[in-house]
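[1] Okay, predicted coordinates and the sequence, questions at the end:
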Amino acid sequence: MEKRQDRLKKIKDEYDKCIDCNLCTKECLLLQRYGTSPKNILRKMMEGPIDEEMVFSCSLCGHCSKVCPKDVNFRKLFLECRRYIQENKKTFNGVDIHQRLSFSKIFSLERKGKIVFFPGCSLISENPETLMKTYKYLKEKIPSLEIMIKCCGNPTNCLGKKDEFEKRIGHLEKSFQSNEVEEVVVACQNCYMTIKKYMNIKVTSLWTLLDDIGIPEKERSWGPMVFALHDPCPTRYEHDIHESVRNILRKMNINMEEFKNNRENTLCCGAGGMASIFNPKLSLDQMKKRADEVESKWIVTYCAECVNSMKSAGKMSIHILDLIFKERVELEEEKSLIIKWKNRYEFKKDIKELQSH
Ligand code: SF4
Ligand code: SF4
């Protein structure tokens, strides 16, 4: 358990480094709203008590440390504060229920194979039909490819429940090992980073893979439509993914607009770090701020959560897999919680049925 003194020292180290240049504040609504300056926020944190609302409102996007000339890392600090809070006050909320269900046998599927497709929870909840087309296409190209339906445990990490998170990723790594998996093909940006950071296994992004093997050939005509490309923040430093996604859009002859803050400078869609649950108002303001960076009405992205955030901000937004695999561009309503779990249950059932033939 982290001692209070250790935590205070970490905050003081960041406080000492900060020169209050405000570069981090420019794009961060949280830093703008919770203190008169970043140094002032750090001072208040040292003086305590921890402002719980503030630390759970951070989207853990990492943009502040990207622009900081002194290597101050609010993301890391806020995550550590969440861990400290959880160690001292056990909480239980909707995210815990989501995690228990996601790790249960009802919503999981394991398959043995050297290479497995790992779609992640969000895409299955939101886009099961397109995902099924994606799986079938990958299987055509790589016949030995298997599929594993599991959660990477990132929501538990965002909650600050370190011990539970370690148990969950340990469990996931063991299932990869017992199924002799050597390579995991990942569609979700959070799963990609979690597996890359915490597990000793080769992880490949679906976007670099699709860029390599090619996308299905078909007539694609977009007329005058322009799509702005939103880069999700978890993979802000994954340059290969950024370029592969752009290559895929080029192959589809998409008219593309770049956000002012793109690639490693990207901003959070507003839903990162569970901020949408802990501070819906700030989260919605961030969604609108991000969406307003571009003129296009349409936004394309490669994260199912970001698609929903951009819709909440009033844009027409679509997942890149829908552009690749669907016959027409159509806007889908955000699904209710019940529908999302139903989709997860049925997707697993459909995969089992498909494999039994
Ligand atoms: S960018 Fe870094 S040094 Fe500048 S105010 Fe923010 S934390 Fe402090
Ligand atoms: S991680 Fe993102 S939301 Fe959190 S303080 Fe930094 S820029 Fe703001």
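    Now that the structure is in, tell me what you want to look at. Ligands and ions are numbered 1, 2, ... in the order given.

[2] Now do the strands in this protein.
    With DSSP state E as the criterion, the chain has strands at 115-118, 146-147, 183-186, 202-205, 226-230, 255-258, 298-301, 316-319.

[3] Would you check how far apart Glu14 and Leu229 are?
    According to C-beta to C-beta, to the nearest Å, Glu14 stands 33 Å off from Leu229. Glycine gets a C-beta too; all of them are placed from N, C-alpha and C.

[4] I should have written Asn262 there, sorry.
    Distance from Asn262 to Leu229, counting by C-beta to C-beta: 7 Å.

[5] Between those two, point out the one with more neighbours.
    More neighbours surround Leu229 than the other of Asn262 and Leu229, with 23 against 19 (other C-beta atoms under 10 Å).

[6] list the contacts for the more buried one?
    Val245, Arg246, Leu249, Met256, Glu257, Glu258, Phe259, Asn262, Ile299, Val300, Thr301 (C-beta atoms under 8 Å, 6 or more residues apart in numbering).

[7] Quick check: residues of the stretch 1-150 of the chain near ligand 1?
    The stretch 1-150 of the chain comes close to ligand 1 at residues Cys18, Ile19, Asp20, Cys21, Asn22, Leu23, Cys24, Pro38, Val67, Cys68, Lys70, Val72, as judged by C-beta under 6 Å from any ligand atom.

[8] can you count the residues close to Glu140?
    Residues near Glu140, counting by other C-beta under 10 Å, number 11.

[9] next one: Asn127
    25.

[10] how about it, what does it touch?
    Residues counted as contacts of Asn127 (C-beta under 8 Å, 6+ apart) are Ala304, His319, Leu321, Asp322.

[11] just checking, the last one touches Thr130?
    Yes: contact status for Asp322 versus Thr130: in contact at 5.3 Å, counting by C-beta atoms under 8 Å.

[12] if we can go back for a sec, what's the closest of the contacts of Asn127 to Pro280?
    Closest to Pro280 out of those is Ala304 (18.8 Å), distances taken as C-beta to C-beta.

[13] Residue in the stretch 101-250 of the chain with the shortest distance to ligand 1?
    Residue of the stretch 101-250 of the chain nearest ligand 1, by C-beta to the nearest ligand atom: Arg236 (16.2 Å).
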